[in-house]
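**Q** Just to be clear, the model below is a prediction. Sequence and coordinates:
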Amino acid sequence: MKPAHLVALATGVVVLLAPAGAGAGQYTVRSCDAAPPTHGPNAWQVQAGSVNSYALCPTAGGGTPNTRGITTRMVGSDFASGAFSRWWFYAPAGTTISRLDWAGRAARERCYWQVEMRAQGGASDARLIGWPTQPGTTSCGTAIDAPYVATYWPPAGTTRLMQNTQCGGASCPNGYGATFHTYYSAVTLNDFSAPSVSVGGVAEGEWVRSDRLITFSAVDNIGISRAQLIVDGQPRADAVNYGCDYTRPTPCANHSGSFEIPTTELSAGTHRVEVLVHDGSGTAAMAGRTIRVDNVPPPQVSPAVAGGEGWRNANGFSVGWSVPSDGGSPIVGATWELCRLGRGACSTHQLSGANPTSIPRFGVSSDGVYEVRVVLRDQAGNVASLSDARPVMLRLDRADPVVSIDGPDPNHPVQASATVNDSLSGLAGGQIELRRAGSSTWRELPTTVSGSRLVSQIDDERFADGSYELRARAVDRAGNQQTTGVEANGARATRQLPLRIKTRLRAGRRVSRIVRRTVRRDGRKRVVRRRVTGFDPGVRVGFGRRAVIRGVLANPDGQPLEDVPIRVLARPDLPRAGLAAAAVVRTDSAGRFSYRVKGSASRTIRFRYDGTSRIRPTTTDVEVAVPASSRFKLSPPRILNGEAVTFAGRVRGGPIPERGKLIELQKWTGRAWAPFRVVRTDPRGRWRHVEPVLSVRGLVTFRLRALIPAEAGFPYATGRTPARKLLVQGQ
Ligand SMILES: [Ca+2]
Ligand SMILES: [Ca+2]
Ligand SMILES: [Ca+2]
């Protein structure tokens with residue numbers, strides 16, 4: 001044998017990489033001196049009934065090599081015809097033996113001994129080494145001494161080798177034995193059976209994320225030597241190599257296992273994941289799955305509480321959201337967490353189904369404030385982070401507020417208030433109402449919330465004096481409400497009006513009159529006269545003239561209110577006109593005040609004392625009437641019968657109504673003023689009228705004037721011009 005040949009054999013397995021299921025591989029099973037370091041004879045089996053079959057390997061281990069190796073040695077005894085000593089090498093199913101590299105020796109002392117290495121199971125039964133039994137022959141081969149490895153080629157289809165020493169004579173007496181020793185055995189096999197591999201762990205087309213495994217189970221006639229994960233046709237990481245023992249015909253075991261799918265290194269979307277296995281002869285097989293990678297959690301949603309996040313008093317909540325699309329695996333469920341405020345005492349719930357968009361209506365265990373967080377789950381198993389989820393608030397308050405009316409406050413006599421205690425949502429609003437004792441009609445007072453109190457003012461200027469009852473209705477932010485008419489001590493809440501000191505304000509034109517009264521004095525009736533002064537609230541001022549309005553402010557006993565401000569407001573006598581501030585006057589030490597008015601137009605003058613927290617306000621109105629005024633001219637003042645006279649003038653002041661001011665021309669009949677013509681002014685107040693005079697006999701003097709009647713939109717009382725004379729000379 002050439003050394004180069006030896007080196008090639010020493011490489012062991014010849015790996016023929018071939019498409020899965022289609023290839024055939026070769027491998028070599030080594031024994032004794034060919035199988036360092038164990039040198040085991042494991043590949044060979046002694047046939048039952050053999051005489052003196054043994055193995056001493058390696059052959060250089062000690063003693064004479066002539067007795068070592070895988071041995072069939074029949075010496076030192078008488079042997080019957082057919083007695084044998086045998087070792088067998090069996091090829092596993094699916095393989096055939098294609099080659100034997102061998103070193104050893106064989107010897108026989110008589111020709112009837114059969115000493116051989118035979119190949120069986122193939123197309124022919126072939127003796128590779130040795131001799132057949134040759135009884136009756138004395139000239140035959142008796143020794144093979146082959147310490148160097150030589151190659152032998154069994155016939156195609158060989159499935160077993162037999163090392164055989166057998167007595168072929170009628171008997172084989174002691175002293176003429178035979179022996180066969182295999183020092184070196186390297187059996188090369190062709191493996192025609194590819195591995196079978198199946199995968200699991202993920203389904204075909206499944207969406208997966210980083211925590212998933214692909215499992216495999218591989219089976220082969222000579223076992224599995226390695227497995228490797230292939231992603232998109234490329235090996236990932238190192239293969240797993242299983243230990244194989246090439247001193248045995250079936251060198252490897254069957255294996256199953258799993259690989260983590262490295263989805264974090266893969267782009268989102270479709271990938272092919274496969275497991276490639278090789279058997280003990282290097283024959284490959286592969287199986288896999290097409291997967292879709294999704295490591296992206298669904299987007300956070302923005303949940304909303306039906307009806308809003310405010311307080312409510314019914315224990316039922318619906319939370320909904322819309323499901324955004326991120327192009328990854330479909331949404332297959334949601335997790336929602338219900339926590340008391342602050343994420344204490346949380347409960348977690350699952351929703352299943354495609355694209356969930358709401359939590360079915362639910363209630364909470366007790367009143368209070370809760371947070372709900374919702375995260376979606378995709379088909380790959382990614383879940384958005386609960387701690388990053390936007391919470392929505394649920395607020396439940398079913399407890400009515402507790403309300404009691406406060407007692408009167410001496411510092412604020414007109415104030416009516418109520419104290420409200422409400423657990424959870426707190427006071428939102430309310431109403432304090434007032435009812436005259438004996439009446440059934442409650443009147444609402446303007447009520448505001450101040451902290452935990454309802455506060456209102458009783459306008460004792462507006463309500464008649466007398467006894468009143470109070471009641472208060474408080475509403476919390478959840479809409480719970482309670483009404484009470486009692487104070488905290490249980491007493492009925494009442495008020496006696498007026499709450500403040502009464503005052504009396506009088507103003508107008510100062511008038512005085514004598515009042516007569518009959519009294520009894522000293523047993524006799526007497527008439528007593530007394531001068532009483534008062535104020536007439538109707539004040540007439542000529543156009544362009546001035547007048548003084550006087551007034552007095554006092555309490556009902558006549559005690560004056562000294563040095564207090566009286567507001568003066570004025571409203572022109574025009575449609576839709578409002579009161580406008582005009583002045584402030586002050587009372588003197590006798591409570592008196594005065595206000596000068598000019599005769600510019602008719603108007604209402606209001607005097608108001610605003611009062612204080614303890615003194616009730618009061619108001620009085622004075623009507624200032626200004627008669628209308630117009631210039632009036634007759635021309636010429638003297639005419640002949642049949643001529644015409646012109647009346648002309650201009651109304652003073654204003655405003656003039658849009659369509660002009662009505663002017664009534666009057667003449668004196670001797671008994672009364674009689675109208676004879678009505679004219680209208682132009683928008684600037686000018687008026688003119690030409691009147692022909694007929695049927696006058698002799699010299700007649702007419703007395704004529706113009707009346708300016710009161711009219712809506714014209715802020716004056718009815719006024720008159722002075723009379724003018726017209727002389728007419730008849731025929
Ligand atoms: Ca195989
Ligand atoms: Ca996703
Ligand atoms: Ca409440």
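**A** Cool, got the structure. Ligands and ions are numbered 1, 2, ... in the order given.

**Q** Single out the residue in the protein that lies closest to ligand 2.
**A** Here the chain gets closest to ligand 2 at one residue, residue 328, 3.0 Å apart by C-beta to the ion. Yep, even glycine has a C-beta here, placed from its N, CA and C like the rest.

**Q** Residue ranges in the stretch 301-450 of the chain under the pLDDT threshold?
**A** 342-343 (pLDDT under 70).

**Q** Ligand 2 contacts on that one?
**A** 328, 378, 382 (C-beta under 5 Å from the ion).

**Q** Help me confirm that the first one is found in a strand?
**A** No - secondary structure of residue 328 (DSSP: H, G, I helix; E, B strand; the rest coil): coil, not part of a strand.

**Q** so it makes contact with residue 296?
**A** Yes - with contacts counted by C-beta atoms under 8 Å, residue 328 reaches residue 296, the gap being 5.2 Å.

**Q** Comparing the two, which residue is more hemmed in?
**A** Each of residue 328 and residue 296 has its neighbours counted (other C-beta atoms under 10 Å); residue 328 has more, 22 against 16.

**Q** Share the number of residues neighbouring the closest residue to the more buried one other than its chain neighbours, please.
**A** Sequence neighbours aside, residue 294 is the residue nearest to residue 328 in space, at 4.2 Å (criterion: C-beta to C-beta, 6 or more residues apart in numbering). The number of residues packed near residue 294 is 24, by other C-beta under 10 Å.

**Q** What of residue 354?
**A** Neighbour number of residue 354 under other C-beta under 10 Å is 10.

**Q** Return the residues in contact with it.
**A** Taking C-beta atoms under 8 Å, 6 or more residues apart in numbering, we find residue 354 in contact with 330, 331, 332.

**Q** centroid residue for the protein?
**A** By C-alpha atoms, centre = their mean, the mean C-alpha position of the chain lies nearest to residue 302, the distance being 2.2 Å.

**Q** so how far is residue 197 from it?
**A** Relative to residue 197, residue 302 is positioned 48 Å away (C-beta to C-beta, to the nearest Å).

**Q** The residue nearest to residue 328 contacts residue 332, correct?
**A** No - counting by C-beta under 8 Å, residue 294 stays clear of residue 332, with 11.5 Å between them.

**Q** which neighbours do those two share?
**A** With C-beta under 8 Å, 6+ apart as the test, residue 294 and residue 332 both reach 378, 379.

**Q** those helices in the stretch 1-150 of the chain, which residues are they?
**A** 3-10 (DSSP state H, counting those that start in this stretch).

**Q** Can you list the low-confidence ranges for it?
**A** Checking the stretch 1-150 of the chain against pLDDT under 70 turns up 1-23, 61-63.

**Q** circling back: now the common contact residues for residue 328 and residue 296.
**A** Residues touching both residue 328 and residue 296 by C-beta under 8 Å, 6+ apart: 268, 378, 382.

**Q** okay if I get those residues as CSV plus secondary structure?
**A** Shown next, in CSV, are the shared contacts of residue 328 and residue 296 (three-state DSSP):
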residue, secondary structure
268, coil
378, strand
382, coil
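
**Q** Quick check: PyMOL command selecting the buried ones in these.
**A** Burial among the shared contacts of residue 328 and residue 296 is assessed by 16 or more other C-beta atoms under 10 Å; the matching PyMOL selection reads:
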select buried, resi 268+378+382
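
**Q** From the shared contacts of residue 328 and residue 296, pick the one nearest residue 622.
**A** residue 378 (84.3 Å; C-beta to C-beta).

**Q** quick one: buried residues of stretch 296-308?
**A** For stretch 296-308, by 16+ other C-beta under 10 Å, it's 296, 297, 298, 300, 301, 303, 305.

**Q** Check stretch 445-462 too.
**A** Neighbour count says stretch 445-462 has 445, 447, 449, 453, 454, 455, 456, 457, 458, 460, 461 buried, by 16+ other C-beta under 10 Å.

**Q** what subset of the residues you listed is also close to ligand 3?
**A** Within the buried residues of stretch 445-462, nothing lies near ligand 3 by C-beta under 5 Å from the ion.

**Q** now, which of the residues you listed lie within strands?
**A** Within the buried residues of stretch 445-462, residues falling in strands by DSSP state E are 445, 447, 449, 453, 454, 455, 456, 457.

**Q** ok, of these, which one's closest to residue 574?
**A** residue 457 (33.0 Å).

**Q** who are the neighbours in contact with the closest residue to that closest one other than its chain neighbours?
**A** The shortest distance from residue 457 to any non-neighbouring residue, by C-beta to C-beta, 6+ apart, is to residue 414 (5.0 Å). Going by C-beta under 8 Å, 6+ apart, residue 414 touches 457, 458, 459, 460, 499, 500, 613.

**Q** hang on, isn't the first one packed against residue 446?
**A** It refers to residue 457. Yes - counting by C-beta under 8 Å, residue 457 touches residue 446, with 7.1 Å between them.

**Q** And the strands in the stretch 201-350 of the chain?
**A** 207-208, 213-219, 224-231, 234-241, 255-260, 269-279, 284-293, 304-305, 311-312, 317-320, 331-340, 344-352 (DSSP state E, counting those that start in this stretch).

**Q** got it, and the stretch 501-650 of the chain?
**A** 504-521, 524-536, 538-540, 546-554, 565-572, 580-586, 592-598, 603-609, 618-625, 630-635, 638-640, 644-651.

**Q** and residue 352, bridged to which residues?
**A** When bridges are called by DSSP bridges, residue 352 pairs up with residue 333.

**Q** now it: how far from ligand 3?
**A** Distance check for residue 352 against ligand 3: by C-beta to the ion, to the nearest Å, it reads 37 Å.

**Q** go on, residue 730?
**A** 99 Å.

**Q** Surely that residue and residue 698 touch.
**A** Yes - in this structure residue 730 lies within contact range of residue 698 using C-beta under 8 Å: 4.9 Å.

**Q** Between these two, point out the one with more neighbours.
**A** Using other C-beta under 10 Å, the more surrounded residue of residue 730 and residue 698 is residue 730, with 14 against 9.

**Q** Got phi/psi on the more buried one?
**A** Dihedral angles of residue 730 (phi, psi; degrees, to the nearest 10) stand at phi -80, psi -180.

**Q** So which bits of the stretch 201-350 of the chain are right by ligand 1?
**A** So the stretch 201-350 of the chain meets ligand 1 at 220, 221, 222, 279 (C-beta under 5 Å from the ion).

**Q** which residues sit against stretch 516-534?
**A** So stretch 516-534 is contacted by 506, 510, 511, 512, 513, 514, 515 (C-beta under 8 Å, 6+ apart).

**Q** Return the set of residues that bridge with the last one.
**A** Right, the one you point to is residue 515. Per DSSP bridges, residues listed as beta-bridge partners of residue 515: residue 530.

**Q** and if you look at the third one?
**A** With beta bridges defined as DSSP bridges, residue 511 has these partners: residue 534.

**Q** Please give me every residue in contact with it.
**A** Shown in contact with residue 511 (C-beta under 8 Å, 6+ apart): 533, 534, 535, 536.

**Q** and the second one, how far is that from residue 506?
**A** Remark: distance between residue 534 and residue 506 (C-beta to C-beta) = 7 Å.
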